[in-house]
Structure formats: C-alpha cells, structure tokens
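In: I'd like to go over a predicted model; first the sequence, then the structure.
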Amino acid sequence: MALLCIATFSSFFGTRLLGEEAYEAGAVLTGVTYDQGIDTDEDGAYNYLEIGVEVNVTTVGYYNLQANGLTNDLGYINVWANPSTFLVIGIQVIDFRFEGVTIYISGLNPANISSIILYDANYVTLGELHEVPLSRAYSYAEFDAPGAILTGAIYDKGVDNDDNGAFDFLDVGVEVDVTEAGDYNIQAYSILQEDSILQEGYRPIDVSDSQSAYLDFGIHVVHLHLDGAKIFSSGLGIARISSIYLYDKDYISLGELHEIPLSRVYLYTEFDAPGASLTGVIYDQGVDTDGDGFFNFLEIGVEVSVAEAGEYNVQAYGLLARGFGYIPVGDSQSASLEIGTLVIYLRFDGATIYSSGLDPNFVSSISLYGADFEPLGELNEIPLSRTYSYSEFGEAIPTSVGVKAGDWAKYNFTGTWQSTDPSATEPPQIEMLREIEWVKFEVQSVSNTYITILQRHHYKNGTDQSTPPMSSDIAAQFITAVIPSNLSGGDVIPGTAAPLNSTISRSYAGSNRVVNCMDYSGSLFGMNTTQTMYWDKATGMLCEMFMEISMPTNSYVTTTSTSLVMIETNLWKIATELSCSVSKSAIIEGDSIVVSGSLRATLSGKTVTLTYRRPDGSTLNRAVTTGSDGSYSDSYTPDATGSWSVAASWEGDSTHSGAISLSKSFSVTPKSFIETPLGIATIGGGITAVVIIAIVLIFRKRKGKRT
C-alpha cells in the first residue's frame with residue numbers, strides 16, 4: 001500500500017511519447033544563449049552562473065526548460081535547472097541559474113552547457129541543444145568557495161547507553177573544516193557489510209542519520225548516530241560507511257565522501273538486539289471462507305520472537321513458482337505483541353493466485369518493522385510446506401466495468417504544504433499544484449476490462465493542461481481514477497494487496513451514492529502516509545481522494561497534502577426539487593391566480609410546465625421559464641368555477657434529473673347576483689321603473705290641482 005500512494009501522487013506528473021505522430025510545436029529553441037556571472041553578496045566572487053536561453057514562441061502557453069551540466073575537455077560539473085514559465089508570442093528569453101559553489105567545488109573551468117531541452121506544458125520535447133558553448137571559459141576560482149568542506153577524516157565508536165553490554169548505536173564523527181560560520185547539515189547513509197562467508201564483497205545496511213548545526217570558524221566534528229538494532233538485524237559485520245554528505249543552510253551540496261572505512265570491523269553481535277526478530281519459521285495453509293471447495297486465501301503464519309513488548313508490523317510480498325514465475329500478491333499486518341514467540345497471520349488473495357496460472361512454492365520476501373517502521377529483519381525466498389496448484393484456488397470474481405467512453409468526472413483540487421522548520425521553503429512543484437483549480441478524468445476508450453483515461457488540469461489563470469493518458473487493465477492493474485464496479489467492502493482491488501474497508505453512502509456531484517472506501521496509514525523510510533479514497537460502487541469512478549505525507553527531519557515535520565472531491569459528472573444526474581404555490585386558496589370568478597415556485601438547484605432559463613386541472617377533470621398546460629435565481633411565476637385567469645388544482649414539472653437536462661412538485665388546490669367561486677350582467681340589468685330596470693312611476697305621480701298630482 002505504500003507504493004499505492006506514491007503512484008497516486010506521481011500520476012500528476014507524466015510525459016508523453018509521440019513516436020511518429022505529427023506534432024506542431026508552439027515554440028522552438030533559436031540556438032542563442034546568454035551567460036554571465038552573478039555576485040549577489042558583492043564579495044567579489046560569483047554566487048551563480050546565469051544562463052539565458054532564447055525561445056521563438058508561436059503559441060501562448062506554459063513551457064518547461066531543462067538544462068543539465070557544465071563541461072570542458074577534462075570533465076563534467078553536476079549542475080542542473082528546470083524552470084517553467086508562461087510565454088507570449090515572439091522571441092522570449094528563459095533565465096535560470098547554476099550554483100556557483102558547485103562549480104567551485106568541481107575544480108573544473110566550465111566552457112559548455114552539456115544539454116538544454118525545451119518542453120511544452122505536457123512535457124512533449126520541442127527541441128534540444130547539446131554542448132552549447134559559453135561566451136567564454138570561466139575559471140572555477142571566479143565562483144564562491146564553500147563555507148565549509150569535509151576533510152575526509154571520520155571517527156567511530158560503539159556507544160552503550162543502557163549499560164547492558166551491547167552498543168545502542170554506532171557513533172560516527174565527521175570532521176568539517178569551516179571557513180565561513182553558519183548553519184550546515186551533515187548526512188550519512190548506509191553501512192557496508194563485509195560478507196566474508198559468501199564472498200559477495202560489501203552490501204548495504206539501510207541505516208542513516210542527519211544532523212544540522214551552527215558551526216563557527218575552524219575544524220569541527222559533527223556526530224551522527226547509526227541505529228544498533230538495524231545493524232544487529234543485518235547479521236553481518238560492518239566495515240565502511242557508504243556515503244557522507246555536507247550541505248549548507250540552503251541544502252546546496254558542499255562535498256561528499258563514499259565508502260569511507262571504519263577504524264575496525266564491528267560484529268553485528270556487538271550491538272543491541274531489536275525488540276523483536278523473525279525466527280525464520282513460517283506456517284501456511286489454504287483457507288476456504290465460502291465453503292465452495294476452493295481456497296479464497298493462502299494464509300501465511302510468520303513466527304516472531306519478541307524480546308520487548310510493543311507495536312510491530314509484518315509484511316510479506318510475492319509468491320514464486322519453482323524455476324520461474326512471480327505472483328504479485330501480498331499482505332501487511334500491524335499488531336501489539338507481548339514478550340515471547342508469537343505468530344502473525346497474513347493472507348494472499350486466492351483469485352490472484354488462480355489468475356497467474358502458476359503453482360507457488362516460495363514466499364518471495366517477509367519483512368519485520370518496529371513501531372516507527374524501522375526494519376528489524378527480512379527473509380527471502382522462504383519455502384512453503386508444499387507446492388500449491390493454482391487450480392486449488394477460487395477463480396477470480398468476474399470484473400465488471402461500470403464506465404464507457406465519454407464518461408467523465410470533474411473534481412475540486414487542493415494542495416497544501418507546511419513545515420515546522422522556519423528555514424524550510426516550499427518546493428516549486430507544490431506551488432504548481434496550488435495553482436490547479438480543478439481536475440477532470442475522462443474515459444477515452446473501453447475494451448473489455450482495458451481502460452484509457454485522459455486527465456486534464458484547469459489552472460486558476462484560466463489555462464488547461466492535459467497529462468499523458470493513463471491505460472490499464474483494471475482486472476489486474478490498479479489506476480486511481482477507476483476500479484471495477486462489482487466490488488464491496490472486504491474485496492481486494494485487482495492489482496493491489498489492499499482490501500476495501502467498507503461500503504457506505506455519501507453525497508457526490510449532487511446525488512447520494514453508495515461508495516466503496518479504502519483507508520491506509522503507515523510509515524516507510526521515515527515517511528508517514530495517510531490516504532483515504534472513495535469510489536462509486538455502481539460505476540467504479542473515483543469520488544474522493546485525500547492523501548497526506550509527513551516527513552520528520554530532526555525535530556521538524558514537513559507535511560504535504562492533496563485532495564480531490566467530485567463536483568460534476570455525466571455518470572449520474574444531480575437530483576433537483578421543484579416547489580409550487582398559489583397566491584390564494586380561493587378566488588372569485590373572473591379574477592387571476594398567481595402560481596409561483598423555484599428549482600432548488602437554482603437553475604436559470606429552464607422550462608417549467610404548469611398543469612392546471614379544471615373542475616370537470618380536463619387539463620391545461622402552460623409553460624414558464626425560470627429566472628436567474630431559479631424561480632418562476634405565472635398569472636392565469638381560470639375559465640370555470642369550482643375546484644381547481646395545479647402542479648409544476650420539468651424534464652431535467654443532461655446533468656440534472658427532472659422533478660414534479662406537489663399539487664396545489666384552489667377554488668373559483670361564482671360572482672354574487674348583483675355582480676352578474678343579469679343582476680346589473682335587473683337592478684338597472686328596477687331603478688328605471690321607480691323613476692317612471694315617480695314622474696307619473698308628479699304629473700297626476702299637478703293635473704288634479706289644475707281641475
């Protein structure tokens with residue numbers, strides 16, 4: 001699983017080989033370069049050799065330059081630079097700098113740049129220059145001398161801190177001649193064993209130490225401590241230090257030594273035994289968990305002798321068939337062990353053994369680690385109790401592919417870096433990651449279980465960059481973006497020894513999905529890794545990934561983390577909700593009713609259908625369009641009295657599912673008699689009759705008086 005996280009992180013940085021495919025370059029090297037010495041501290045010596053490389057740009061975009069080495073007739077100076085920059089159309093110059101200290105230490109006078117290579121944003125080669133002459137031959141003495149050098153002298157002794165008669169560590173004193181006071185770092189890597197029995201010469205023990213210190217002017221000895229338990233676990237005597245390095249405060253190399261002899265050969269038995277060790281005994285058996293007559297696993301029991309209770313980790317990888325063939329299976333178990341001889345059980349996937357067609361009879365390697373994953377012992381090519389036939393194991397679960405060509409998913413991307421070391425600076429590759437806004441995986445092709453996926457990065461400045469396509473047979477190989485779609489918690493992902501931890505429900509890209517989860521945390525070579533990934537069960541597409549890597553250095557810790565979270569996809573539609581309401585529950589005949597509502601997804605410009613149901617059961621559809629906030633409104637005058645209802649619906653689109661609202665009721669009541677035309681006519685006629693009668697009575701009255 002430690003390799004899994006490395007593969008996942010490195011998938012962001014790929015290269016593409018074009019073969020004979022035609023490719024139109026967006027920029028070319030003109031062949032013109034510029035060079036000058038740069039004295040930044042004004043001490044009369046160059047801190048850098050600055051190089052300018054002329055580029056003719058015909059397409060705006062990001063370009064990468066790689067420059068390696070300075071040469072003359074006598075040798076090669078190991079300097080390099082890899083600038084990346086955004087270039088506009090026209091003749092442009094890309095500047096970079098070679099470290100002056102490195103040139104000085106070489107003792108060579110540089111005359112040529114060994115190689116300059118121009119790449120586009122996808123690291124497709126656009127041009128190369130070799131043995132490019134400088135404007136003049138520079139003397140190494142023109143450049144800054146290092147502030148300190150290794151004298152070549154070392155001092156060694158075994159140290160027994162706990163007075164138990166065995167060395168806890170090997171103390172190695174490294175002599176440094178300091179001409180400029182400042183902060184320096186000294187590192188030692190590997191002890192070389194002398195195997196006099198097998199006559200194989202020197203072999204390395206993986207031990208190391210690093211010390212940073214402020215050193216004043218003069219000769220100093222910096223002490224490094226090499227772990228005694230690791231030396232004991234090697235089982236052989238030690239005779240040399242493999243390599244020692246000296247760096248300044250900016251980690252510029254100031255010197256190195258290789259294969260430095262110790263004052264004497266130390267026996268491994270002079271050092272403290274580790275808290276636990278492998279006895280060399282293993283047990284094995286086939287395990288049939290589902291009772292179908294075939295082994296689901298090959299179970300390996302590893303015997304561990306524990307002298308000091310604590311946390312330990314046992315890892316076993318690979319099975320070997322007699323004569324030829326390797327089966328890529330493995331397992332790892334961590335456990336709290338008490339003092340005594342104990343057995344740790346590991347399981348190898350039976351389906352992978354079956355698929356190999358090979359009959360295993362050896363375990364390739366078994367390793368024991370301590371609580372901090374320091375190696376405590378290793379076994380290689382351990383024979384099984386018998387040769388197993390591959391046909392004894394269950395056939396692999398058929399691999400189901402849940403994606404097709406054209407399927408895609410888009411992810412929010414975040415990258416962070418932090419260090420407790422106040423002098424640490426953020427690496428340039430982390431700065432590039434921080435500029436990524438989103439990442440998109442798109443399935444280019446599917447052939448049986450063989451999938452090709454294109455990965456595209458969209459940067460915050462609006463530019464896009466595609467990495468080389470990733471191709472894999474997901475029935476046997478692992479790629480982060482897609483796994484088989486027929487897996488559940490407990491199943492092993494093909495191509496790994498990693499089982500899925502659980503199957504749960506989570507929300508991604510606007511929809512609740514059933515997803516498979518895999519968690520991993522552990523340490524390897526001092527690097528602490530935590531990784532969590534979720535894949536959609538129905539399709540196998542990655543939904544979320546989080547990875548954090550922390551590296552302790554002395555008393556400081558540097559932590560890098562990256563995360564992907566799916567925000568859009570065409571594999572499923574985003575669920576939407578549609579509301580509907582009426583302005584009144586009852587209106588009078590002839591008045592209008594206002595029907596309004598909104599799409600919860602706040603989708604604008606979408607057509608919503610309002611279905612009105614009349615009192616006689618007939619329906620009437622009216623179309624309205626949502627506004628910028630996803631709301632809609634319709635004013636309608638019903639054409640009949642009685643009980644009405646209205647409901648809203650929309651069909652959805654390519655990324656959103658449709659929705660239907662709840663039905664809303666309202667009533668239309670008849671007007672009162674006085675408000676009807678007949679009522680108005682009747683009332684009007686009655687008033688007229690009264691007026692006429694009054695006039696007749698008045699005239700009659702007048703006529704009587706006259707008589």
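Out: Great, that's in hand. Residues are numbered from 1 along each chain as shown.
In: so where is this structure shaky, pLDDT-wise?
Out: 1-24, 194-203, 396-397, 497, 523-526, 673-707 (pLDDT under 70).
In: leaving out chain neighbours, which residue sits closest to Lys230?
Out: Distances taken as CB to CB, 6 or more residues apart in numbering place Val207 nearest to Lys230, at 4.7 Å, with adjacent residues excluded. The C-beta positions use only the backbone N, C-alpha and C, and glycine is treated the same way.
In: direction included, what does the helix or strand encompassing that neighbour pair against?
Out: Counting by DSSP states H and E, the element that carries Val207 is strand 202-215. Strand 202-215 has the following strand partners under DSSP bridges: strand 182-194 (antiparallel).
In: list the buried residues of the partner strand.
Out: Neighbour-count burial for strand 182-194, counted by 16 or more other CB atoms under 10 Å, picks out 184-193.
In: and of those residues, the nearest to Leu603?
Out: Using CB to CB, Asn185 is the member of the buried residues of strand 182-194 that lies nearest Leu603, at 57.8 Å.
In: what's the spacing between the closest one and Ile430?
Out: 21 Å (CB to CB, to the nearest Å).
In: ok, Pro499 next?
Out: 32 Å.
In: any idea how far Ile353 is from the nearest residue to Phe297 once chain neighbours are set aside?
Out: Once flanking residues are discounted, Phe297 sits nearest to Arg347: 4.1 Å by CB to CB, 6+ apart. The gap separating Arg347 from Ile353 is 11 Å, by CB to CB.
In: the two - which one has more neighbours?
Out: A count of neighbours by other CB atoms under 10 Å puts Ile353 above the other of Arg347 and Ile353, at 27 against 20.
In: now the more buried one: which helix or strand?
Out: Per DSSP H and E, Ile353 falls inside helix 350-356.
In: mind listing what's buried in the next helix or strand after that helix?
Out: Heading C-terminal from helix 350-356, the first helix or strand you meet, by DSSP H and E, is strand 360-369. Neighbour counts using 16+ other CB under 10 Å place 360-369 of strand 360-369 among the buried residues.
In: what of stretch 392-406?
Out: 392-394, 396, 399, 401-403.
In: please apply the same query to stretch 322-333.
Out: Buried, per 16+ other CB under 10 Å, within stretch 322-333: 327-332.
In: which of these fall within strands?
Out: Taking DSSP state E, the ones among the buried residues of stretch 322-333 that sit in strands are 327-332.
In: distance to Gly652 added to those residues, as TSV?
Out: Below are those laid out as TSV (distance: CB to CB, whole Å):
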residue	distance to Gly652
Ile327	49
Pro328	45
Val329	46
Gly330	46
Asp331	46
Ser332	46
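In: for these, which one is nearest Pro83?
Out: Relative to Pro83, the closest of these is Pro328; by CB to CB it sits at 39.3 Å.
In: need the contact list for that closest one.
Out: Pro328 is in contact with 318, 352, 495, counting by CB atoms under 8 Å, 6 or more residues apart in numbering.
In: okay, now Ser277: neighbour count?
Out: Other residues close to Ser277 by other CB under 10 Å number 19.
In: that one: which element?
Out: strand 276-287.
In: sorry, back to before: ok, and what's touching the strand holding Val207?
Out: With contacts defined as CB under 8 Å, 6+ apart, strand 202-215 is touched by 148, 172, 176, 178, 181-195, 220, 222-227, 230-231, 234, 236, 238-240, 242, 259, 375, 525, 553-554.
In: how much does the following helix or strand past it deviate in direction from strand 182-194?
Out: Of the helices and strands lying after strand 202-215 in sequence (DSSP H and E), the nearest is strand 218-227. Here the directions of strand 218-227 and strand 182-194 differ by 50 degrees (axes from the mean of the first three to the mean of the last three CA atoms, to 10 degrees).
In: what does the next helix or strand after strand 218-227 rub up against?
Out: Next along the chain after strand 218-227, taking DSSP H and E as the criterion, comes helix 228-234. Residues outside helix 228-234 that contact it (CB under 8 Å, 6+ apart): 158, 166-170, 191, 193, 205-207, 238, 266, 268-269, 271-275, 277, 370, 374-378.
In: and stretch 103-117, end to end?
Out: 21 Å (CA to CA, to the nearest Å).
In: quick check: buried residues in that stretch?
Out: 103-106, 108-117.
In: export these as CSV, with columns for distance to Ser305.
Out: Shown next, in CSV, are the buried residues of stretch 103-117 (distance: CB to CB, whole Å):
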residue, distance to Ser305
Ile103, 54
Tyr104, 53
Ile105, 48
Ser106, 51
Leu108, 54
Asn109, 60
Pro110, 57
Ala111, 61
Asn112, 59
Ile113, 58
Ser114, 53
Ser115, 54
Ile116, 57
Ile117, 54
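In: narrow the residues you listed to those in helices?
Out: By the criterion of DSSP state H, membership of the buried residues of stretch 103-117 in helices covers 103-106.
In: make a markdown table from the buried residues of strand 182-194 and add distance to Ser385 to it.
Out: Formatted as a markdown table, those follow (distance: CB to CB, whole Å):
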| residue | distance to Ser385 |
| --- | --- |
| Tyr184 | 55 |
| Asn185 | 50 |
| Ile186 | 49 |
| Gln187 | 44 |
| Ala188 | 42 |
| Tyr189 | 39 |
| Ser190 | 36 |
| Ile191 | 36 |
| Leu192 | 36 |
| Gln193 | 31 |
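In: isn't Asp491 up against Pro499?
Out: Yes. Counting by CB atoms under 8 Å, Pro499 is a contact partner of Asp491 at 6.5 Å.
In: could you pull up phi and psi at the residue nearest to Asp591 when sequence neighbours are not counted?
Out: Ranked by CB to CB, 6+ apart and with sequence neighbours excluded, the top spatial neighbour of Asp591 is Thr637, at 7.1 Å. For Thr637, the backbone dihedrals (degrees, to the nearest 10) come out as phi -100, psi 110.
In: count of residues packed around Ala475?
Out: Ala475 has 18 nearby residues by other CB under 10 Å.
In: mind telling me what element it is part of?
Out: Per DSSP H and E, there is no helix or strand for Ala475.
In: convert the next helix or strand after the strand holding Ser277 to PDB, retaining C-alpha atoms only.
Out: Per DSSP H and E, the first helix or strand lying C-terminal to strand 276-287 is strand 297-306. The C-alpha trace of strand 297-306 is given here as PDB (Å, rounded to 0.1, in the frame of the first residue of the first chain):
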ATOM      1  CA  PHE A 297      -6.700 -17.200   0.500                       C
ATOM      2  CA  LEU A 298      -3.300 -18.700   1.100                       C
ATOM      3  CA  GLU A 299      -2.700 -18.000   4.800                       C
ATOM      4  CA  ILE A 300       0.900 -17.400   5.900                       C
ATOM      5  CA  GLY A 301       1.800 -17.500   9.600                       C
ATOM      6  CA  VAL A 302       5.100 -15.700  10.400                       C
ATOM      7  CA  GLU A 303       6.800 -16.600  13.600                       C
ATOM      8  CA  VAL A 304       8.200 -13.600  15.600                       C
ATOM      9  CA  SER A 305      10.400 -13.700  18.700                       C
ATOM     10  CA  VAL A 306       9.500 -10.700  20.900                       C
END
